[in-house]
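**Q** Provided below for reference: sequence and predicted model.
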Amino acid sequence: MQILLARNTYQLEKIAEKLNQFENKCGGQTSEVATTLSVRKDLMGVNKPTEAVGSTETLDPAERFREVLSPGYVPVDKRIRYSTDDTVGSLMARDPEILSETFFIDLTDFANLELSCNAKVQSVAVNLVGENLGDARPTVTLLYDGTSKLRSCQPGIAEYVDTIGETATRYGKISRFRTKGRSTSPVATTQGFGDSGGQTSQTLAGLPLASQYTLLIDKNAGKNGSINWSNLEDIELKLEYTYQDVFPEGQCEL
């Protein structure tokens, strides 16, 4: 309410000082989590043999995984910058040799996000799984959709929102954000995350963790042409994120 009624920069500065006091007093320490996710098993749920579409042929999980990747469908804003000169849209129009898969991280079905708050990305790394993939250092792009959600740490926030009116704020128990989509293209490993040839990207650091992501592989980019993609069995993500635990009622009263 004070932000809405502020009339000059001095009043906004005083509000910022008060917010810093809240930040130091509310919510306790920020915790960090590092988890390794299998795109095929954990995010796609491809764990058993399946029948090929329009055929009686049975595909093992790795074959089904490659089949899903091969259409190269990218359901994000095609204006997202992919490289210095290219957008995702221009890449798709120019090069059909791409692999992609989209997945969601949601507040209700991922790790501890349902019982914690303020979960934000810290870093991400990529590892390709499969035998005889090749010795090259591949590049895998991760696209961040920009539509995201964040759970508030503030108890009773619904009452605060009712006080000022739902149309006056976008914040609530779960706040929804729409930012510009972005991409990160780290060097991936092929022998596990202990391989020094990989890279941990912090491009998405500070963004809400709960969002839609798309893995995009341009088979002609960099050293990707030296990878035997027909042997790809899975893609692993090493995801690091931060969160806070919900604090008790009254802790934020100054």
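**A** Yes, it's here. Numbers count the residues shown, from 1 in each chain.

**Q** all helices of the stretch 151-254 of the chain, in order?
**A** 157-164 (DSSP state H, counting those that start in this stretch).

**Q** who does the helix or strand where residue 100 lies touch, helix- and strand-wise?
**A** Using DSSP states H and E, residue 100 maps to strand 98-105. Packing partners of strand 98-105 (3 or more Cβ pairs under 8 Å, 6 or more residues apart in numbering; DSSP states H and E): helix 61-69, strand 210-218. C-betas here are computed from N, CA, C, even on glycine.

**Q** list the pairing partners of the last one within its sheet, with orientation.
**A** Based on DSSP bridges, the strands next to strand 210-218 in the sheet, each with its direction, are strand 98-105 (antiparallel), strand 141-151 (antiparallel).

**Q** could you list the low-confidence segments of the stretch 51-200 of the chain?
**A** 52-55, 72-73, 75-78, 92-96, 166, 168, 195-197 (pLDDT under 70).

**Q** which residues in it form strands?
**A** 58-59, 98-105, 116-129, 141-151, 174-178, 182-184 (DSSP state E, counting those that start in this stretch).

**Q** make TSV out of those strands and add distance to residue 41 and mean neighbour count.
**A** Below are the strands of the stretch 51-200 of the chain laid out as TSV (distance: least, Cβ to Cβ, whole Å; neighbours: other Cβ atoms under 10 Å):
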stretch	distance to residue 41	mean neighbour count
strand 58-59	15	14
strand 98-105	12	19
strand 116-129	10	21
strand 141-151	18	21
strand 174-178	28	13
strand 182-184	23	18
